[in-house]
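In: Next come a sequence and a model predicted from it.
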Amino acid sequence: MRALLLAGSESKRLWPLVDTTPKPLLDVGGKPIIQWIIEDMRSAGIRDIIVSIGYGGDQIRDFLGRGHHLGVKIDYVVQKEPRGVAGSILVANDELQGEDAFFVVNADILGDPKMFRRAQKHYKELDAEAVVSLTLTNTPQFYGIAVIDERARMKRLVEKPQPEDIQSRYAVAGIYVFQPRIFDLLEETKDLPSALQHLIDNGKAVYGSVWERDWVEITRPWDLIRANRFVLDKVLTGKGSFIANSADIQQPSRIEGSVHISEGVVIRPHTTIRGPTYIGPNTYIGNNVLVREYTALGSNVLVGFGVEIKESLIYSESKIGRLCFVGDSVVGHNVDIGAGAQLVNRPVTGESITTIIKGKPETVPRIKYGAVIGDNAILSPNVSVYPGVKIGVNSVVLPGAILSEDVPSNTEARTPHKVAFRALDSGKEKKT
């Protein structure tokens, strides 16, 4: 069975990271999201893939090529103007008309090869018109939700329900099996949930394929942190470590738990690495550093003396100066974080963390959550960044700034302050 992989969305909720990198190419656990998905598809026996591209399509095409290095065959269709999920599917109409059935897969979901096998099995055994993978969630307000009967036949779809509309916790998990007739419905409705509801309302056999294990959909920045945890558990926890022969781990240092330490890595004395953790090629970690669980450092990252990093993604070429703290954060490519900077990951008073997503405040479903920093940003020494703050690409934050709100791209940020002087001999103050 062929598969259509939808990789054309602009994904503005992931600003500022997607200003420079399309979402499918954002790294988690040392690989781009789309590579993890294709590897799962290959493991499930799916080797003939059409990738639907739009925003950032040239970057995706350059990375994937024809798929030979990933063990699959890849062709492309292009959505020239954004038309949502339905448009991303419709551009593959001609390529898939001759198929009895095919997969449609969102390029922002991480799960397991068995999800694909199970959906295909249910499609065949239940003589279904369509199959939709479902998984249980504790945050149904963020997903499309399916109401199903005792045989998992779908009765209703609700897109991102309000609290009063939550009748189910089965989230649509981004893997579908369709027949080519879905194209006619999409032409009519211009919307995938509406097309599925049309099938349901007309008595067609639309079934949910329920996946009981963990799964991640990446739509907001904190999902990258969860996805990173997911893949590191998947490839490292309980499976031992990989430490390249060329890695230079200088003693006394400690490696605790399962780690992946790539070629050319240097770890200076008195440093502790706690797994599961991924460290990319040619990364340098200075003396007395603590890298805590579920951290992923990209290639050519430089971490200075006395830094602590907790459950964060640090992308390639970035530098973290001495005595910094980076907690539950995502740091883009070629970011320069000066000495003593603090990416704070929890409000002092313990209140919920909010962040701005597409111009509106959202409550982050995490107790701890730090900053998101776009590519090429510079944080000068002794900057403090509040939880949930985002810093745009190419921006500069001047020394000593305290950031409690987002910094737009290509912007200089500073904290205004006045200096007070007091003459020691007179006890009088002079303000400037």
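Out: Thanks, I have it. Since this is a predicted model, take the numbers as computed values, not measurements.
In: Please report how far S168 lies from Y176.
Out: 18 Å (CB to CB, to the nearest Å). All C-beta spots, glycine's among them, are computed from the backbone N, C-alpha and C.
In: These two: which is more packed in?
Out: Taking other CB atoms under 10 Å, S168 and Y176 do not tie; Y176 has more neighbours (26 against 20).
In: so which helix or strand takes in the more buried one?
Out: strand 170-178 (DSSP states H and E).
In: heading toward the C-terminus, what's the first helix or strand past that strand?
Out: On the C-terminal side of strand 170-178, the nearest following helix or strand under DSSP H and E is helix 182-189.
In: Quick check: phi and psi on the residue nearest to V289 when sequence neighbours are not counted?
Out: Nearest in space to V289, with sequence neighbours left out and distances taken as CB to CB, 6 or more residues apart in numbering, is T271 at 4.4 Å. With angles defined as degrees, to the nearest 10, T271 sits at phi -100, psi 150.
In: just use 292 as the starting number from now, easier for me
Out: I'll keep to 292 as the first residue from here, and by that count the last item is T562.
In: got any ranges where the protein has weak pLDDT?
Out: For the chain, the stretches with pLDDT under 70 are 452, 717-723.
In: quick one: the helices in it?
Out: If DSSP state H is used as the criterion, the helices of the chain fall at 324-334, 348-355, 375-381, 384-387, 404-416, 473-480, 483-492, 512-526.
In: Show the contacting residues for the closest residue to L614 other than its chain neighbours.
Out: Counting by CB to CB, 6+ apart, L614 lies nearest to G597, which is 4.6 Å off, once chain neighbours are set aside. G597 is in contact with G577, N578, N579, V580, R613, L614, counting by CB atoms under 8 Å, 6 or more residues apart in numbering.
In: Return the residues in contact with the third one.
Out: When the contact criterion is CB under 8 Å, 6+ apart, the partners of N579 are H561, T562, F596, G597.
In: surely the third one meets N578?
Out: Yes. Here F596 reaches N578: they are 5.2 Å apart, a contact under CB atoms under 8 Å.
In: and G320, how many neighbours does it have?
Out: 24.
In: Surely it is in contact with L588?
Out: No. The criterion here is CB under 8 Å, and G320 misses it with L588 at 11.1 Å.
In: what is in contact with the two at once?
Out: Y569.
In: domains for this protein, by residue range?
Out: 294-510, 513-704 (automatic domain parsing).
In: Ok, which of those domains comes nearest F712?
Out: Closest to F712 of those is domain 513-704 (CB to CB; 18.1 Å).
In: measure the closest one end to end?
Out: 24 Å (CA to CA, to the nearest Å).
In: do stretch 545-553 as well
Out: Start-to-end, stretch 545-553 (CA to CA) is 16 Å.
In: Identify the residues contacting it?
Out: Residues contacting stretch 545-553 (CB under 8 Å, 6+ apart): 321, 526-535, 538, 540, 558, 562-574, 584, 590.
In: Are any of the residues you listed buried, and if so which?
Out: Among those, those classed as buried by 16 or more other CB atoms under 10 Å are 321, 526-527, 538, 540, 558, 562-574, 584, 590.
In: what sits opposite the nearest residue to T645 once chain neighbours are set aside in the beta ladder?
Out: Excluding the flanking residues, the one nearest T645 by CB to CB, 6+ apart is P652, at 4.8 Å. Going by DSSP bridges, P652 is paired in beta bridges with I647.
In: Could you do V449 as well?
Out: Here V449 sits in beta bridges with I436, going by DSSP bridges.
In: State the distance from the residue nearest in space to the middle of the chain to K481.
Out: Centrality entry for the chain: nearest residue to the mean C-alpha point is L515, 2.9 Å, by CA atoms, centre = their mean. According to CB to CB, L515 and K481 sit 30 Å apart.
In: same question, Q326
Out: 31 Å.
In: More neighbours: those two, which one.
Out: Each of Q326 and K481 has its neighbours counted (other CB under 10 Å); Q326 has more, 18 against 14.
In: so who does that one touch?
Out: Residues counted as contacts of Q326 (CB under 8 Å, 6+ apart) are L361.
In: Just the CA atoms of stretch 628-637, as PDB, please.
Out: Extracted in PDB, the C-alpha atoms of stretch 628-637 (Å, rounded to 0.1, in the frame of the first residue of the first chain):
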ATOM      1  CA  ILE A 628      23.800  32.500  24.800                       C
ATOM      2  CA  GLY A 629      26.200  34.600  26.900                       C
ATOM      3  CA  ALA A 630      27.700  33.700  30.300                       C
ATOM      4  CA  GLY A 631      25.300  33.600  33.200                       C
ATOM      5  CA  ALA A 632      22.100  33.600  31.200                       C
ATOM      6  CA  GLN A 633      19.100  31.900  32.800                       C
ATOM      7  CA  LEU A 634      16.300  30.300  30.800                       C
ATOM      8  CA  VAL A 635      13.900  29.900  33.800                       C
ATOM      9  CA  ASN A 636      11.500  27.000  33.600                       C
ATOM     10  CA  ARG A 637       9.100  27.500  36.400                       C
END
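In: where's C615 relative to Y660, distance?
Out: Computed as CB to CB, the C615 to Y660 distance reads 17 Å.
In: What is the burial count for Q388?
Out: Neighbour count for Q388, taken as other CB under 10 Å: 10.
In: The one 3 residues further on now?
Out: Counted with other CB under 10 Å, the burial measure for D391 works out to 7 neighbours.
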